[in-house]
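K.L.:
Generate coordinates for the sequence data below:
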Amino acid sequence: MAIGKTLEYGAVDELYLDPKNPRIGRAKRRENPSQEDLLRVMSTWTLEELVDSFLNAGGFWTQDALIVVSEPIDGTQRRVVVEGNRRLAALKLMKAAIRREGHIPPVIQERMAEAELSEDDDLFEKIPYLLADQRSDVDAYLGFRHVTGIIQWAPAEKAEFITKLIETQNLSYKEVGRQIGSRADVVRNNYVAFKILQQIEVLFDEEHWAEIEDKFSVLFLAVKSNKVREFLGIDVNAMGVNGAHDPIPEGKKEDLSRFIGWVFGTKDKKPIVRDSRQIDRFAEILSEDRSVQYLKEHPEPQFEVAYALTKAAADLVIDPLREASRQITLALSEIEGRAGDDEVSVEAWPVIEGGTKLALLTNGENLSRVREMVGDS
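P.N.:
Numbers count the residues shown, from 1 in each chain. Have a look, this model is predicted:
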């Protein structure tokens, strides 16, 4: 069982777009899309650069051969493309433009208007492909190419692929990492986040969980934190092929619902986490009872207020102090020889008066040095 090593050739109409392609999204895959539906979705994937390549580079290069499996489509065995759907979609749209049928994106119509091609051209009749015995034979290649490689899937699509490897092939985090070229902890965090996404689907309507899926990278960042995992009751050691597949226990479902509202918002309220860069501070908020209590009880909680209630909020004072200290030190290094300038005296003294305590806090030697240079007048 493997990917064949002998090139085969097929016509564009004999090759089928993959209804299981991760890029079309889980909601669309559940609808059992037709080939027309798939082509309509894929026509939005910025295919014009592929069209340009086919038109200007002399056709379809054999080193870009598609990878195909034989699978049933509507009850009949077909050649289904599991790697190269963008290329196949571009070719199908190009041929449709020649036939003047179906919905063709304007950018492709423009390019095909000047192309000297017929629908019987070798470009459409002799498409190179390699035949694999089954999908699982292609997984390692897909992992390197689309999870850690140059043509990467979206975050949720990567996590879904990782989950499939773990649950259908009984692979460990380390084994999956070795197969796709990633670290075991990254594989684990993707798996945990995707399983949470699946739990979210049960709690929310399709429109809302689809929006969360689009922002999967934020969910992934959050569950990397031990403090977030503790708030949600996630035991990563219980996850995996032989462990619990639902990371969040029943008693924490209400906290999960709140968590989603705070991070992603609800139909009635905007999220309090407005930027993924706030995730670390949000983890601190979830780790302290009084901050969480504030979030739960206040009708319109504010992120800054919740964070100010944490012990970690000392950085709200410390960070500005450190920056002020840096700026004072920089100013002192430049003030030598300029203390007599009227502009320096006028600008420096009000700052010194307001900043003497700060200077003492950050560097006890700063105050006396400044007074010596600028004077007390």
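K.L.:
Run a quick neighbour tally on the closest residue to residue 33 other than its chain neighbours.
P.N.:
Closest residue to residue 33 apart from its sequence neighbours, by CB to CB, 6 or more residues apart in numbering: residue 19 at 5.6 Å. Backbone N, C-alpha and C define where each C-beta goes, glycine included. A count of nearby residues for residue 19, using other CB atoms under 10 Å, gives 18.
K.L.:
And what about residue 19, helix, strand or coil?
P.N.:
coil (DSSP: H, G, I helix; E, B strand; the rest coil).
K.L.:
try residue 306
P.N.:
Once three-state DSSP is applied, residue 306 turns out helix.
K.L.:
tell me the contacts of it?
P.N.:
272, 285, 291, 294, 295 (CB atoms under 8 Å, 6 or more residues apart in numbering).
K.L.:
ok, now how distant is it from residue 295?
P.N.:
Distance of residue 306 to residue 295, given as CB to CB, to the nearest Å: 6 Å.
K.L.:
any residues in contact with both of those two?
P.N.:
Common neighbours of residue 306 and residue 295, using CB under 8 Å, 6+ apart, are 272, 285.
K.L.:
Using PDB, write out every CA atom in whichever strand or helix holds residue 54.
P.N.:
Here residue 54, judged by DSSP states H and E, is contained in helix 48-56. C-alpha atoms of helix 48-56 as PDB (Å, rounded to 0.1, in the frame of the first residue of the first chain):
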ATOM      1  CA  GLU A  48      -5.600  33.000 -11.400                       C
ATOM      2  CA  GLU A  49      -1.800  32.500 -10.700                       C
ATOM      3  CA  LEU A  50      -2.300  28.900 -11.600                       C
ATOM      4  CA  VAL A  51      -4.100  29.800 -14.700                       C
ATOM      5  CA  ASP A  52      -1.200  32.100 -15.600                       C
ATOM      6  CA  SER A  53       1.200  29.300 -14.900                       C
ATOM      7  CA  PHE A  54      -0.600  26.900 -17.200                       C
ATOM      8  CA  LEU A  55      -0.900  29.500 -20.000                       C
ATOM      9  CA  ASN A  56       2.600  30.800 -19.800                       C
END
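K.L.:
So which elements touch it?
P.N.:
helix 85-99, helix 106-113 (3 or more CB pairs under 8 Å, 6 or more residues apart in numbering; DSSP states H and E).
K.L.:
Of those, flag the one that's most buried.
P.N.:
helix 85-99 (a mean of 21; mean count of other CB atoms under 10 Å).
K.L.:
which residues touch that helix?
P.N.:
So helix 85-99 is contacted by 12-13, 15, 17-18, 21, 23, 38-39, 42-43, 45, 47, 50-51, 54, 60, 64, 66, 81, 102, 104-105, 108-109, 112, 115, 117-119, 123-124, 127 (CB under 8 Å, 6+ apart).
K.L.:
cool, stretch 237-256 as well?
P.N.:
Residues contacting stretch 237-256 (CB under 8 Å, 6+ apart): 166-167, 170-173, 188, 191-192, 195-196, 199-200, 203, 231-236.
K.L.:
Adding neighbour count and pLDDT, write the contacts of residue 306 out as TSV.
P.N.:
Formatted as TSV, the contacts of residue 306 follow (neighbours: other CB atoms under 10 Å; pLDDT from 0 to 100):
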residue	neighbour count	pLDDT
272	21	93
285	29	94
291	23	93
294	17	94
295	21	94
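K.L.:
Residue 166 sits in which helix or strand?
P.N.:
According to DSSP H and E, residue 166 maps onto helix 155-168.
K.L.:
The following helix or strand past that helix: which residues count as buried?
P.N.:
Following helix 155-168 in sequence order, the next helix or strand is helix 173-180 (DSSP H and E). Neighbour-count burial for helix 173-180, counted by 16 or more other CB atoms under 10 Å, picks out 173, 176, 177, 179, 180.
K.L.:
All good on my end, thank you.
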